[in-house]
Structure formats: C-alpha cells, structure tokens
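Trainee: What follows is a predicted protein model with its sequence.
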Amino acid sequence: MQEAPVLQMHGIRKAFPGVQALDGVDFEVRPGEVMALMGENGAGKSTLIKILSGAHSADEGQVFIKGQQVKISSPKEAQDLGVAVIYQELNLAESVSIAENIFVGREFRNRFGFIDNKTMNTRAREWLETLHIDLDPRLMVRKIGIARKQMVEIAKALSLDASIIVMDEPTSSLPTATSKPTELNEVEVLLEMIRKLRDGGKAVIYISHRMGEVFRISDRITVLRDGKLVGVRNTAETNPDEVVAMMVGRKLEDLYGHRSETPIGEKVLEVRGLNQAGRLYDINFDVRAGEILGLAGLIGAGRSETAMAVFGASKRDSGDILINNHPLAIKNPQSAIQAGIGYLPEDRKLQGLFLKMAIRLNISAADLSLVSSSGFLNANKERELSSLYVKQLNIRTPSIEQQARNLSGGNQQKVVIAKWLAVKPKVLILDEPTRGVDVGAKIEIYNLMHQMASQGMALVMISSELLELLGMSDRILVLREGRAMGELSRADATEEKIMTLATGVKTGS
Amino acid sequence: MSESSTLTPPPSPGKTTVGAGQSMNPLRRLLRAREAGIFLVVVVIMVILSIASPNFATASNLAIVARIIALNSIIAMGMTLVILLGGIDLSVGSVVALTSVVVGFVLVKLGMPIWVTILAGLALGALVGFFNGLLIIRTGVAPFIITLGMMGLARGLALVITKGSTISGLPEAYLALGQGYWGLVPYPVIIMLVLAVVIHIMLSRTTFGRRIYFIGSNEDAAILSGINVNRIKVIVFALCSTLAATEAVIETARMSTAQPASGVGYELTAIGAVIIGGASMSGGEGTILGTILGATLLGLITNGLILLGVSAYWQQVFSGAIIILAVALDTWRRRRSG
C-alpha cells in the first residue's frame, strides 16, 4: 500500500569550518505524504534542505529522486528535478506582480518577443484557482501579507510541476505583529492547502518548531540532532513529549539545570514608561539581583526593541531607566555599559562577534581599559584575561589566537558571553542566547546563566523557545505589538498562558 | 585536548589573527605573514630591474625611486586607516592639489614663515577630512559618494584660488624639505619612515587602533560593544586627509611650484598600494607594513617601465592592470581559505 519514496537521501555528510553540520543523515519522503523535519536550531535541518535545493553540495552521500541517483549542484537543477523550496525568508520580488513572480524566468512572450502580460495573468489566475486562492495576479507582491506570499510561492511550485515541496517554517511569522483573529485563520488556510497538496500526490517536507501544527498536519516525523538522524516516527504513533525528548537528547528536567538556592535580592534594573514611537508603548518592568526575567512574545512583539532601547542602542522617546534605584541618562551603549548593563545580541555573527579576529581580541572588546593603560594595549593582560575566560567558560579552542569564525556556534556564543562577563555588568540582557547552538553547549549556557544569577547578577532572557523560557525564568513578561501584556510567575506560567498573552487569542485546540 | 568531536574546532592551518599578533614567535610570524609574499615579489622585481637596466641600481636612481615610493606611501598609509574601517577616501588627490596651492599662497603671496605654512597646510587637510567624516556620519551616505563629491570640491577650490595657474618662487629653505638629503637618504623617505613607525604602533598597540579594526571587522558589533564608532570615523578620515596634506607639503617642495593640477589619480595609487599590501576592501584586515610594500611594488614597476623606455601612457595601463590582478588574486585566495 505504501508507495516508494519519491526522495531518498543516504549518508549525507557536510562539514563547515568548525562544525560537522551533517554526519551521515538518511532522509526520505513518499509521494502523498507530509514529512515533518524537526530538530533544534543547529540540528542540521536547513543544511539538509540546502543540499536538496542545490544551495550547498554534500561532502558525502547520495540523493535519489524517483529512484534515480541525481547530483544537484545548483538551485536550477533542483527545480528541474521537481524540488521546490519555500524558504522562511520568501524569495519573491516585492515590486513586481504576482503573475510575474510565478513565471519569473519563464515569461510568456508574444510574437514580437515582448512579454505577454495578458496570457501570463490568465495562467497565473488558473494556478491560483487550483489552490482555491482568490487573488488578483496583477497585484504587486508587496501589497499582500506573508501567508498570501507563501501561497504565491506554492502556486509557483505547482506551475513548475514540482513533486517535492519543502516548506521551511511557513508559519513562524504568523500571526504577525498586527495579529487580528482573521490572521490566525491564515495558518488554517495554509494547513488546508498543504493537505490538498498531499492529497494531490505531492511529497511535502514541513519544517516547523510548532509542535501543535506538526502533529496536525504531518504523516511522519524525522528528528535530527547535532547533525545526526535520531529517528523517524509515524505521527499517529508518537506524542510531543517523545519528539521533544528526541530533539534535545535527554529529559527536559535535566536540560535546564538548577540554581543553587540563593534568595532574590534588591531591584537592580527598573524600566519605567518606556516608549518608542510606533514600536514600544509604555513598557514597565524590573529585574532583581539573582533573578532571571524571561521576555516572551512573537516575532515583532518588541522584545529585542525593548532590549536595544534599554541598552541605549536605539533612541527612547520617553521612559526612565533606573539602576539600583538611580535614574540614569543612557543615550548610547557606552553609557549603558558604564551604568552596568550588558547586552548579548540576538545575532551573534552579525552583532556580537568580530568573526575574523582572534578570541583574545573579542573578549576584551567591550572594555579595552581592562587590558590597557593610558591608551596602550598590554598584550600580557590580554592573554591573561582571555585565557581566564576560555578556561572558566570551557570554550573549546586550540588557542586564544583562533579566529572566532572557526569556532562552533556554542563556543562562539560563549566568547560573546565572556566579553560581557569581563566587564562585570550588574544586569545582562541575553537575546536568544542559545539560538543555533547544539544541545551540549545549551546546557553549558544554562548553567552559566544560573551561575551568574547566583552571584547576584540580574538577568533578562529573550527567547522564542517557550520551553526554554519556562525552564529558566523566575518570572516571564509577555509582549505583544510593543506592549507588555502581562507577567507570569514561574509557578503560574504555562505554554498556553504565554501563547494566549502573546497572540491575544485563546489557543488550546 | 578535548574528546568531544562535534564541539572541538578543527585545527586551522596558517590562519593568524588580524591586527596585532604580538604573541607568536617573531621569526615564524615573519615567515607566515602575508607581507612575506609581497616582500619576495619586491626583491624579485629589484633583481630583474638590476639585470635589465644598468641605470636601475645607481645611487641617483634609487634615491629618485625611494622618494616617489615615500610620497606615495604617506598617502597610502592614511588610505590604509580608512580602508581598515571599511571606508574609502577618493578625495586624497584633490586634497594634495588644494594643500599645494594654499601652501604656495601662504608662503609666496602672504610671505608667512615656513613653519606657519606647514601648519596651515596640515590644518587644511585635517579640516577637509573632518568634513568628510562629519558628512559621512551625519548623512549616512556611503564614504565613496561623500569623498567623490569632496574630490571635485577640493580640486575646484584649488583652481579658484590660483585661477588655474601655478605659484612659483618658493624659498630655498622650504624646497629642502622635498629635495634635501640626510647622507644618501632623501628627507621625504625619513619623514615617511617616522610616520610609518608612529602609525604602525598606533594600529597595533593602542586602544584607538584596536577600535579601528573592530569597526572594520563588524561595525554593528562594535556599536553594541560600546565603541564610539562615529568619533573614530571622523578622526580616521581627518587623519587620512592630514596625511595627504603632508604629502602635498613635501611634494610642493620637491616640484618647486604649487600646482592646482597636482595629485591627479593619487587616490588610485594609494588604494592600489593598500590592496596589494593585503588589506581587505571590506575592512578589518591590513597593515602599514603591507601598504608600504604595496607602494614599493607600484613605485618599482613605474620606475622600471621608465628605465626600459616604455611610454608614460603605457605606465598607467600597467599600474591599473596590476591593481586589478592583485585584487583578483586576493579574492581568489580569500575564497579558497573560506
């Protein structure tokens, strides 16, 4: 009864400098099935998909499509083989029409060689109609929402006669910052469309972090961890707890560690009436010594914006920032650092690290006065400082002279943490501190956070992983559309409560 | 050291750190450094020229070459600072022209003493660079565009001041600055070497220099590390222009006249020297030693072509081709090392 797989990948290996992204992964998907591909950030999902789409080439391993061994060395070849990938960051040209996007590179021409818009629009409408999408193909893509853009991408995939359709986190930005109840329905519409694709015999690879959707839509689930295949399950025969355990490789209780019992102390950071036109509205919160405050919210809810405003990296329109009950004039990151605030940014490669520079140079970057006197650098002090933190944070590197870009994600993140520990802040804001690091490094980072807190530092953690927030925070502040929607204590907080505050809609089905 | 296979980064062969790598054994550092390759090319070219032309290895020719290289190096060192930041300064050639005519004007028309003239020239350079930097940080427009505008503006002012003519009649004492010798070594070479040592120390040993590398390596990370990026940008553009003005003060003395047409194409030579010297156009990588070797390479090739009787027009073609070749080689090498 089961059809032969339309796609088989065998023993796929791929290494990047500093990390074995894929280490002998097998993967398959059958026609007429939705295969969920799950794993934490850094597990190797996107690398696997990029190999399938021709964006990366595998170091080792074979790919079979419809039983034929193939070599996919460019996105064009993948397209010709019937593979369509719909990326998280959609690949549509914003300032041209839907029809032109669907037929990009294959425009219809009239007998004079000019583009035949009329035929193109008619054909585009036909494709959209097969998906029951009511959209005018002449509309500019910029004017339609993210969910509709995804549908345009699907229509394009169908028009290319794709038999394997990969959807990379299609719902991650839904509902968006302007969430209205109708936009929740867009997720439903999308899921319905995926079912239609499946029933039409397409093989759908569905990548998502949202456990609920995965269990509703998928037929089977493949789990990757640290570049290796953990297992494949029939969705009907497993449950979310088992899948999470497969993803993280251990029981959840062991993952987040424990803090030595130290009482929570005085208010260290207090934010009063923080406003930023069009982004943040009257945000108030405080963090105490020895406490971890979680900041929850959807993408675009204003979590990083709040952190940047507190850190002086963006301008506040109004609002006071108090350290130890003293209001401070924080107008740029220098003054924030002097006041005792540190900020570990969301994207460590783009905002945190000096990738082409040595670990030694990265660690002292936030306060060169630690390693210099009257403006002259002291190489011995630099080596001492960086060696100390490399040892203390267990940064795995052959030498402190190693360039930051050659480290694995987890060790890179530890270098950025070391940079902030070196300036001994009173408050450290950590924005997605475990994004894209493997499980081992995650545990180390969690333990470090516990250590910092028990030494009396006040921590603010921004995270999109609800389990992580629930596991680490003493309190959780939920933001939506730039407003603080409510605060949950550790004892009260549940995934459902956070999502209800974050989306403004009761979830639970 | 560690058994954990996925966490341990692979050993990286031959990748030294950017900026100041003071911690390696000096001999190994010397051999591994990117500069060693350029140095080798410089030596080979000198050997070839000595064989090909009997006039190359003479004291008088070597002094001429050294002086040209020194002058080009002074501008290229300023360009190095700007390129390290991830910027570019196209106005240096025009700053040379403007400084030159102002020097002539102050010295000959106003009859000011030499030291006042020199200070005025350098201050003018600093001012032009200060405006470059200020415009860049205030408008957010790319340095390429701002300095392209300044290139036209400064050249235009130079022509306005002199109404297009040259100023001659500079005092003998002033001319010595460009024409004099200390033993066998021309003064410009000594000035260049002193500046090179100072700038090298600034880049490799001071917090200011380190911050330049930080900004060029990752400007966003620099801002979020509390570095005052804007202030450093303004200072660096001011330094670059001041160095161009320094060159103009010396070159005016060497030519015995102040010319509004001087300095044409100097930005190209300077950028070429910096890139040949191993700096990255995207910032964060490059050294003063590399830049001086780059300028030396370009200077030797120009001199060699003259000695071999190649026409002046062809010399420009060669210089341009060498810069393209150097950048192409560098890009290829970077892509290989990933």
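Mentor: Structure received. Numbers count the residues shown, from 1 in each chain, chains lettered A, B, ... in the order given.
Trainee: Now whatever residue of the stretch 101-250 of chain A ends up closest to chain B: closest residue in space, sequence neighbours ignored.
Mentor: Of all residues in the stretch 101-250 of chain A, A:Asp226 sits closest to chain B, at 5.6 Å by CB to the nearest CB. (Each C-beta comes from the backbone N, C-alpha and C, glycine too.) Distances taken as CB to CB, 6 or more residues apart in numbering or on different chains put A:Asp438 closest to A:Asp226, at 4.9 Å, once the chain neighbours are dropped.
Trainee: about what we covered before: could you count how many residues lie near the residue of the stretch 101-250 of chain A closest to chain B?
Mentor: A:Asp226: 22 surrounding residues under other CB atoms under 10 Å in any protein chain shown.
Trainee: For it, give me its contacts.
Mentor: Counting by CB atoms under 8 Å, 6 or more residues apart in numbering or on different chains, A:Asp226 touches A:Asp23, A:Gly42, A:Ala43, A:Gly44, A:Gly249, A:Asp438, A:Val439, A:Gly440, B:Thr6.
Trainee: Okay, helices next: where are they in the stretch 251-400 of chain A?
Mentor: A:252-255, A:303-310, A:333-339, A:359-363, A:379-392 (DSSP state H, counting those that start in this stretch).
Trainee: so what does the longest one touch, helix or strand wise?
Mentor: Taking 3 or more CB pairs under 8 Å, 6 or more residues apart in numbering or on different chains; DSSP states H and E as the contact definition, the neighbouring helices and strands of helix A:379-392 are helix A:359-363, helix A:409-422.
Trainee: That one: which residues count as buried?
Mentor: Within helix A:379-392, the residues that qualify as buried are A:Glu382, A:Arg383, A:Leu385, A:Ser386, A:Tyr389, A:Val390, counting by 16 or more other CB atoms under 10 Å in any protein chain shown.
Trainee: Of those, which is the nearest to chain B?
Mentor: Proximity of the buried residues of helix A:379-392 to chain B (CB to the nearest CB) peaks at A:Arg383, which lies at 6.4 Å.
Trainee: In this structure the closest one contacts A:Ile400, no?
Mentor: Yes - at 6.5 Å, A:Arg383 counts as touching A:Ile400 under the criterion of CB atoms under 8 Å.
Trainee: Overlap in contacts, the two.
Mentor: Joint contacts of A:Arg383 and A:Ile400 (CB under 8 Å, 6+ apart) are A:Arg360.
Trainee: for chain B, what spans make up the helices?
Mentor: B:26-32, B:34-52, B:59-84, B:92-104, B:114-139, B:143-162, B:172-179, B:187-205, B:207-217, B:219-224, B:229-255, B:266-276, B:288-307, B:312-337 (DSSP state H).
Trainee: So which of these is the most surrounded?
Mentor: helix B:92-104 (a mean of 29; mean count of other CB atoms under 10 Å in any protein chain shown).
Trainee: Mean confidence (pLDDT) on that helix, please.
Mentor: For helix B:92-104, mean pLDDT rounds to 97.
Trainee: And for stretch A:397-416?
Mentor: Stretch A:397-416 comes out at a mean pLDDT of 91.
Trainee: Against B:Val65, how distant is the spatially most central residue of chain B?
Mentor: Most central in chain B under CA atoms, centre = their mean is B:Ala76, positioned 0.5 Å from the mean C-alpha point. Distance of B:Ala76 to B:Val65, computed by CB to CB, to the nearest Å: 16 Å.
Trainee: Can you name the residues of the stretch 151-300 of chain B sitting close to chain A?
Mentor: Residues of the stretch 151-300 of chain B that fall close to chain A, judged by CB under 8 Å from any CB of the partner chain: B:205-208, B:210-211, B:213-214, B:217-218, B:220-228, B:284-285.
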